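In: missing the sequence, but the structure's below:
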Ligand SMILES: [Cu+2]
């Protein structure tokens with residue numbers, strides 16, 4: 001089965017080949033004309049009458065060339081917009097600044113694990129601003145738009161690990177919005193797919209989870225100021241927040257930590273923008289507990 005890599009590369013090479021041929025042809029003709037029609041060889045100016053055959057040729061041939069380029073691009077576009085019936089749907093959700101992948105059985109992952117040999121359809125959206133999902137190895141890219149679903153498909157035809165980027169500048173942490181596509185043999189995928197995500201790759205180590213979930217793009221653990229408040233010495237401190245439009249001072253207890261992760265805008269810390277999305281569906285209860293436990297220990 002053909003995949004998007006071959007499709008895009010063949011269109012690309014076709015257009016590059018035509019461009020190189022045109023560049024060479026035009027350059028050679030130009031050099032020939034400079035020499036052949038130089039003033040030293042033609043001291044007397046001469047009237048050159050029009051040549052209908054020549055004019056028709058230089059209109060029709062370039063027309064055929066650009067139509068051929070259009071046709072190959074259009075064929076490739078149709079191929080890439082037509083999702084095979086047996087494709088595996090995976091939701092891909094972008095947010096500042098990470099990707100979440102949600103599978104049909106509810107399994108979630110922060111890297112895109114796919115079985116080799118089966119087409120994958122990505123159903124893409126965003127929790128906050130515009131992002132763009134880009135997998136260079138498969139030559140596919142599509143915007144992630146809040147409130148709207150876009151799609152892509154690709155065929156992972158050999159096992160391997162491929163980069164997956166955000167390619168739409170989406171704020172300060174844009175460059176850390178990078179993860180991987182892991183294409184594994186079908187049997188290995190079946191095991192991974194059935195496994196409950198109680199033991200994520202990073203274990204239940206709160207520090208590793210903060211890193212893995214992208215929290216540290218906005219929050220520091222050493223007291224330095226980023227887009228969000230620092231986690232250092234947060235537990236037990238007094239925090240000035242806005243709750244339902246009312247300013248109040250709140251005690252940063254365990255309940256506050258948990259609520260601020262799951263529903264960050266419930267108590268918005270003064271001096272910080274309301275940009276963090278809710279984390280209801282992106283953290284398991286165990287992961288949340290591990291993170292809160294870790295935050296409590298940050299003196
Ligand atoms: Cu982004």
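Out: Structure's in. What do you need? Since this is a predicted model, take the numbers as computed values, not measurements.
In: For the spatially closest residue to residue 73 that is not a sequence neighbour, pull up the helix or strand it's in.
Out: Leaving aside its chain neighbours, residue 73 sits nearest to residue 11 (5.5 Å; criterion: Cβ to Cβ, 6 or more residues apart in numbering). Where C-beta positions appear, they are placed from N, C-alpha and C, glycine not excepted. Assessed by DSSP states H and E, residue 11 sits inside helix 4-36.
In: mean confidence score for that helix?
Out: Computed over helix 4-36, the mean pLDDT rounds to 94.
In: got the buried residues for that helix?
Out: Neighbour counts over helix 4-36 (16 or more other Cβ atoms under 10 Å) mark 4-5, 7-8, 11, 14 as buried.
In: got it, and stretch 275-291?
Out: So, applying 16+ other Cβ under 10 Å, buried residues of stretch 275-291: 276-277, 279, 282-283, 287-288, 290-291.
In: Would you mind naming what in the stretch 151-299 of the chain lies close to the ion?
Out: 166, 170, 177 (Cβ under 5 Å from the ion).
In: So what does the first one have for phi and psi?
Out: What it means is residue 166. The phi/psi pair for residue 166 (degrees, to the nearest 10) reads phi -100, psi 130.
In: what residues are up against it?
Out: Residue 166 makes contact with 94, 97, 99, 131-134, 144, 174, 177-178, according to Cβ atoms under 8 Å, 6 or more residues apart in numbering.
In: neighbour-wise, which of those residues leads?
Out: Compared across these, residue 131 has the highest neighbour count, 32 neighbours, by other Cβ atoms under 10 Å.
In: Quick check: chain neighbours aside, which residue is closest to residue 238?
Out: Closest to residue 238 by Cβ to Cβ, 6+ apart is residue 249, at 5.4 Å.
In: Now do the contacts for that neighbour.
Out: Residue 249 neighbours (Cβ under 8 Å, 6+ apart): 238-241.
In: doesn't it fall inside a helix?
Out: No: membership of residue 249 in a helix is not supported by DSSP: H, G, I helix; E, B strand; the rest coil, which gives strand.
In: Can you check the pLDDT for it?
Out: For residue 249, the model assigns a pLDDT of 86.
In: before we move on, back to that, out of the buried residues of stretch 275-291, what pair is the most spread apart?
Out: 277 and 290 (20.0 Å; Cβ to Cβ).
In: This protein - how does it break down into domains?
Out: 4-81, 88-194, 206-296 (automatic domain parsing).
In: what packs against the helix holding residue 11?
Out: In terms of contacts (3 or more Cβ pairs under 8 Å, 6 or more residues apart in numbering; DSSP states H and E), helix 4-36 is packed against helix 52-81.
In: Understood, closing this out.
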